[in-house]
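Participant: return atomic coordinates for the entry below.
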Amino acid sequence: MGVSRQPLRRRWFTTSGADPNAPYQVFLFPHAGGTASMYQAWAATLPSSMDVRTLQLPGRQERLDEEPFCDVTPLLEALQEAFEAELDGRPYLLFGHSFGGLLAYRLSVAAEDAGIPLPTLLAVSGWAPGLRSSEELEAVAGMSDDALLARVAELGLMPEGTTLDPATLSTIMPAMRGDFLAAGSVKNDGAMVPCPVAAYCGTADPIVRPQDMAGWAELSTDFLGVTEFPGGHFYHFDHAAAVHHGLDRQLRRLATQV
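Facilitator: The predicted structure is shown next:
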């Protein structure tokens with residue numbers, strides 16, 4: 001008789017080496033279509049006080065055989081379960097860029113609703129609630145491959161004029177389109193963030209302006225302001241060390257208030 005096997009449970013968060021002695025857990029949430037490996041170098045330079053975990057959504061890299069989510073509600077339900085399993089009692093920070101900022105925000109709200117420990121800090125980058133309509137995001141998801149790649153190139157994630165072979169396109173496009181559809185499915189309910197919020201952005205970001213990021217003040221009773229960096233939507237890759245220093249400074253300041 002054959003042995004029945006349970007389906008392999010894929011990890012939602014990757015780490016380059018957990019450090020149980022680090023004072024903080026840090027969870028990184030990448031942009032639409034982003035992967036955990038894109039943030040390996042970025043995460044490697046975070047302060048040693050941070051035990052880093054990076055989100056790996058279905059439909060990419062080692063999770064390529066899984067269907068990407070196209071609706072934010074089931075995505076957040078599955079993500080919350082995986083996230084709670086990662087918590088070990090240490091204080092933690094959520095950092096999300098663009099679509100990842102949306103997920104980090106909604107996860108902080110869900111943490112309060114579920115009665116689990118709240119983040120010490122929510123750090124949001126390149127995304128503000130209510131900035132793009134569902135129709136706009138769905139339109140982006142429905143672009144041709146060439147048009148969508150051109151849009152990504154405009155944002156600075158890859159050189160303009162980049163061409164990808166059909167095999168590569170077939171691996172990255174479903175996840176990217178799914179993320180845009182999931183973002184478009186979000187209902188902007190004005191939910192308050194139950195923890196301090198720090199916002200980050202690029203001064204030349206064509207999607208989110210510094211004044212848009214200042215709108216987080218309306219969703220938090222402890223808004224720590226907007227930090228601007230030279231650059232576009234993906235400024236944080238060029239200014240990783242400065243962003244990391246800012247996050248560490250915010251955590252140290254918050255620790256003195258406890």
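Participant: show me where pLDDT drops low in the protein?
Facilitator: Along the chain, segments meeting pLDDT under 70 span 1-9, 157-166, 258.
Participant: buried ones in the longest helix along the chain, by neighbour count?
Facilitator: The helix that spans the most residues within the chain, counting by DSSP state H, is helix 166-184. Buried residues in helix 166-184, defined by neighbour count with 16 or more other C-beta atoms under 10 Å: 169, 172-184. (Glycine included, C-beta is placed from N, CA and C.)
Participant: quick one: the helices in the stretch 151-258 of the chain, in order.
Facilitator: Secondary structure of the stretch 151-258 of the chain (DSSP state H, counting those that start in this stretch): helices at 166-184, 210-213, 235-238, 240-255.
Participant: which one, of those helices, ends up nearest to P74?
Facilitator: P74 lies closest to helix 166-184 among the helices of the stretch 151-258 of the chain, at 9.2 Å (C-beta to C-beta).
Participant: so which elements touch the closest one?
Facilitator: Secondary-structure packing of helix 166-184 (3 or more C-beta pairs under 8 Å, 6 or more residues apart in numbering; DSSP states H and E): helix 72-86, helix 99-114, helix 134-141, helix 145-155.
Participant: what residues does the longest helix of the chain touch?
Facilitator: 32-33, 57-60, 64, 67-72, 75, 99, 102, 132-138, 140-142, 145, 148, 152, 164 (C-beta atoms under 8 Å, 6 or more residues apart in numbering).
Participant: which among those count as buried?
Facilitator: Here, 16+ other C-beta under 10 Å leaves 32-33, 57-60, 68-70, 72, 75, 99, 102, 132, 137, 140-141, 148, 152 buried among these.
Participant: output stretch 143-154 as PDB, nothing but the C-alphas.
Facilitator: Written as PDB, here are the backbone C-alpha positions of stretch 143-154 (Å, rounded to 0.1, in the frame of the first residue of the first chain):
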ATOM      1  CA  MET A 143      -1.400  45.600 -20.300                       C
ATOM      2  CA  SER A 144       0.400  43.700 -22.900                       C
ATOM      3  CA  ASP A 145       3.800  42.200 -21.800                       C
ATOM      4  CA  ASP A 146       5.700  44.800 -23.700                       C
ATOM      5  CA  ALA A 147       3.600  47.700 -22.300                       C
ATOM      6  CA  LEU A 148       3.900  46.300 -18.700                       C
ATOM      7  CA  LEU A 149       7.700  45.900 -19.000                       C
ATOM      8  CA  ALA A 150       7.900  49.500 -20.400                       C
ATOM      9  CA  ARG A 151       6.000  50.700 -17.400                       C
ATOM     10  CA  VAL A 152       8.300  48.900 -15.000                       C
ATOM     11  CA  ALA A 153      11.300  50.300 -16.900                       C
ATOM     12  CA  GLU A 154       9.900  53.800 -16.400                       C
END
